[in-house]
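**Q** I need the structure of the sequence given here:
(4 chains)
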Amino acid sequence: MKVNIKYFASIREALGQSSETCDTQAKTVAALRDELLALSPVHAQALSRHKPVRMALDQTMCDELATLHEGCEVAFFPPVTGG
Amino acid sequence: MKVNIKYFASIREALGQSSETCDTQAKTVAALRDELLALSPVHAQALSRHKPVRMALDQTMCDELATLHEGCEVAFFPPVTGG
Amino acid sequence: MPARVAIQHQDFDLSAEVAALRLGDMQVGAVCSFVGTVRDRNEGDQVASLELEHYPGMTEKAIEAMIDAAMSRFDIRSARVIHRIGLLQPLDQIVLVAVTSAHRGESFQACEFLMDYLKTQAPFWKKEVTPAGARWVDARVSDDVAMARWGLPAGKG
Amino acid sequence: MPARVAIQHQDFDLSAEVAALRLGDMQVGAVCSFVGTVRDRNEGDQVASLELEHYPGMTEKAIEAMIDAAMSRFDIRSARVIHRIGLLQPLDQIVLVAVTSAHRGESFQACEFLMDYLKTQAPFWKKEVTPAGARWVDARVSDDVAMARWGLPAGKG
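**A** As a prediction, the model looks like this:
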């Protein structure tokens, strides 16, 4: 299943990329995050579960239980600081 | 003691005057109001204690216990409705 | 900084007032403003126009005291109140309260506090023209309730 | 009525936005607006400039959902949110939330609700330039507390 991944702010900077495409067997955001954490030390650091990482599925805030689907968009970012 | 009396809004309209000067022995706003109530049936009606009349002494909201002084300004008006 | 209180016949410009209030103050991070406007209905009746009467002298004094109270109660930078008097039509602006602060909570609170205070303590009276004739607007119990939230009485006497 | 949400680089004019929001609506008696501005200090350090990043698409969607929530929670007539992105300087306007209603209480509440919501749920990130270099602004715990007042979680995950 193809999944489009987006990164923002400090996570984007740490990874040196704002998006990547992933061909995955993961069924949930949690499983996808596990795969990404295993990709590289930089991923392991940037997406660490010891940091306050927020997630969105198809542009709606979600938690790790959210279910992926073909062509979906998953985003990882730090807590928001707008306004 | 000379006291300057002001009336506003519906009370001013009922009395047909926006101010009057009064030479009084009254020591408090309560005593002054008693004198005014006795002045005429129109005064008795407009300043009736059965109506929600608000008072100010020298341009500060007060109650009937406020003490008068020579040349002071006492105002009677309905509850305010600005804003 | 402009005068804190203005009682005037003429209209006001919200942007210009807010700009003047925060002019050059780089510690301001939040501006809350409230504008009251004339509605075309009140108590179920059509309102053609509104006449605002006030108590010259006391009005300015009362609002200055309200702003002093807001400044001591809330951590705000500055405040401005404009209230119009005279003849107004539906859609016209009646009142402006604008407050600046470093963080947003204080400006919201102080702005609402000032409006609640003004509604129950500032000597203004509205007379509205309806199809049935002119009538003085009744004070709203809900305004006294709003005022009581701040631990202050709505009116004396 | 203007679009409810705008994400833009250019500045905005408060008066023009409020005028457009209440244009011709004679049932509006109250307009509460909030403007957030850039302060020259944060966490004790001098701030020379601020860069606003956002998540295009999700930002608009999230704010539209917030306005829907505000419209169903509060008795308001209309709402407008503008958020700037890109490079900003101290004193610049960052965000506008404006709400109209018949009576003042609802516009105050809905405006503060939208700001609290936006602070914790809209995907924007600030990076500030200080004498020590550029740094991402940390989320404030007080914003989560403000959000919790409305019975809503501050963030998921």
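
**Q** contacts and neighbour counts: CA atoms only from here.
**A** OK.

**Q** Would you mind finding the longest helix in the chain?
**A** Picking chain A for this. Looking across chain A with DSSP state H, the single longest helix is helix A:29-37.

**Q** You answered for a different chain; I wanted chain C.
**A** If you go by DSSP H, chain C has its longest helix at helix C:104-121.

**Q** so where do the helices sit in chain A?
**A** For chain A, applying DSSP H gives helices covering A:9-15, A:29-37, A:41-46.

**Q** now swap in chain C and tell me
**A** Going by DSSP H, chain C shows helices at C:14-22, C:58-73, C:104-121, C:141-148.

**Q** And the pLDDT at residue C:146?
**A** Looking at residue C:146, its pLDDT reads 89.

**Q** ditto for residue C:132
**A** 91.

**Q** if we can go back for a sec, let's see the longest helix of chain C as CSV, backbone CA atoms only.
**A** C-alpha atoms of helix C:104-121 as CSV (Å, rounded to 0.1, in the frame of the first residue of the first chain):
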residue,chain,number,x,y,z
ARG,C,104,-4.5,36.8,25.1
GLY,C,105,-6.4,35.7,28.2
GLU,C,106,-6.0,39.0,30.0
SER,C,107,-7.1,41.1,27.0
PHE,C,108,-10.3,39.0,26.6
GLN,C,109,-11.1,39.1,30.3
ALA,C,110,-10.4,42.8,30.7
CYS,C,111,-12.4,43.7,27.6
GLU,C,112,-15.5,41.7,28.7
PHE,C,113,-15.1,43.1,32.3
LEU,C,114,-15.1,46.7,30.8
MET,C,115,-18.2,46.0,28.7
ASP,C,116,-20.1,44.4,31.6
TYR,C,117,-19.1,47.3,33.8
LEU,C,118,-20.0,49.9,31.2
LYS,C,119,-23.4,48.3,30.6
THR,C,120,-24.4,48.6,34.3
GLN,C,121,-22.4,51.6,35.6
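
**Q** check whether that helix contacts chain B.
**A** Yes - under the criterion of CA under 8 Å from any CA of the partner chain, chain B is reached by helix C:104-121 at C:115, C:118-121.

**Q** Low-confidence bits of chain C, can you list those?
**A** Scanning chain C for pLDDT under 70 picks out the ranges C:1, C:154-157.

**Q** that older thread, list the helices and strands the longest helix of chain C packs on?
**A** Where contact means 3 or more CA pairs under 8 Å, 6 or more residues apart in numbering or on different chains; DSSP states H and E, helix C:104-121 is packed against strand C:30-37, helix C:58-73, strand C:76-84, strand C:93-101, helix C:141-148, helix D:104-121.

**Q** What angle do strand C:30-37 and the last one make with each other?
**A** What it means is helix D:104-121. Counting by axes from the mean of the first three to the mean of the last three CA atoms, to 10 degrees, helix D:104-121 lies at 150 degrees to strand C:30-37.

**Q** Quote the end-to-end distance of stretch A:52-60.
**A** In terms of CA to CA, to the nearest Å, the two terminal residues of stretch A:52-60 are separated by 17 Å.

**Q** For the residue located most distally from the centre of chain C, give its distance to residue B:14.
**A** Relative to the centre of chain C, the most outlying C-alpha is that of residue C:132, 28.2 Å out, by CA atoms, centre = their mean. Using CA to CA, residue C:132 is found at 19 Å from residue B:14.

**Q** Could you do residue A:66 as well?
**A** Plainly put, residue A:66 is 71 Å away from residue B:14 if you go by CA to CA.

**Q** cool, and residue C:95?
**A** Counting by CA to CA, the separation of residue C:95 from residue B:14 is 28 Å.

**Q** Nearest residue to residue C:87 in space, ignoring adjacent ones along the chain?
**A** In this structure, residue C:87 finds its nearest non-sequential neighbour in residue C:51, 4.5 Å apart by CA to CA, 6 or more residues apart in numbering or on different chains.

**Q** In this model residue C:126 seems to touch that neighbour, though I could be wrong.
**A** Yes - in this structure, residue C:51 is within contact of residue C:126 by CA atoms under 8 Å, at 5.7 Å.

**Q** So the two - more neighbours on which side?
**A** residue C:126 (24 against 17; other CA atoms under 10 Å in any protein chain shown).

**Q** can you pull the contacts of the more buried one?
**A** Contacts for residue C:126 (CA atoms under 8 Å, 6 or more residues apart in numbering or on different chains) come out as B:81-82, C:50-53, C:136-137.

**Q** Residues touching the longest helix of chain A, excluding its own?
**A** Counting by CA under 8 Å, 6+ apart, A:24, A:26, A:43-45, A:47-48, A:63-68, A:74 sit against helix A:29-37.

**Q** go with 7 Å
**A** For helix A:29-37, the external contacting residues (CA atoms under 7 Å, 6 or more residues apart in numbering or on different chains) are A:26, A:43-44, A:47, A:64-68.

**Q** Stretch C:53-62 too?
**A** Stretch C:53-62 is contacted by residues B:9, B:59-60, C:5, C:85-86, C:122-126 when judged by CA under 7 Å, 6+ apart.

**Q** rerun that using 6 Å as the cut-off
**A** Outside of stretch C:53-62, the residues within contact range by CA atoms under 6 Å, 6 or more residues apart in numbering or on different chains are B:59, C:122-125.

**Q** Can you list the buried residues in it?
**A** For stretch C:53-62, the neighbour count (16 or more other CA atoms under 10 Å in any protein chain shown) marks C:53-55, C:58-60, C:62 as buried.

**Q** what does stretch A:26-42 give?
**A** Residues A:26, A:28-37, A:42 are the ones in stretch A:26-42 that count as buried (16+ other CA under 10 Å).

**Q** Find the nearest non-adjacent residue to residue A:38, please.
**A** residue A:44 (6.5 Å).

**Q** re the thing from before, any chance of a markdown table for the buried residues of stretch A:26-42, columns pLDDT?
**A** Formatted as a markdown table, the buried residues of stretch A:26-42 follow (pLDDT from 0 to 100):
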| residue | pLDDT |
| --- | --- |
| A:26 | 97 |
| A:28 | 98 |
| A:29 | 98 |
| A:30 | 98 |
| A:31 | 98 |
| A:32 | 98 |
| A:33 | 98 |
| A:34 | 98 |
| A:35 | 98 |
| A:36 | 98 |
| A:37 | 98 |
| A:42 | 98 |
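
**Q** Farthest-apart pair in those residues, please.
**A** Farthest-apart pair in those is A:28 and A:42; separation 21.8 Å (CA to CA).

**Q** Please tell me which one of the contacts of stretch C:53-62 counts the most neighbours.
**A** Most surrounded of the contacts of stretch C:53-62: other CA under 10 Å gives residue C:123, at 30 neighbours.

**Q** residues in contact with that residue?
**A** Applying CA under 6 Å, 6+ apart, the residues near residue C:123 are B:80, C:54-55, C:59.

**Q** Try it again at 8 Å.
**A** B:80-82, C:54-55, C:58-59 are the contacts of residue C:123 under CA under 8 Å, 6+ apart.

**Q** which parts of chain C sit against chain D?
**A** Within chain C, the positions near chain D by CA under 8 Å from any CA are C:13-15, C:24-41, C:90-91, C:102, C:104, C:108, C:112.
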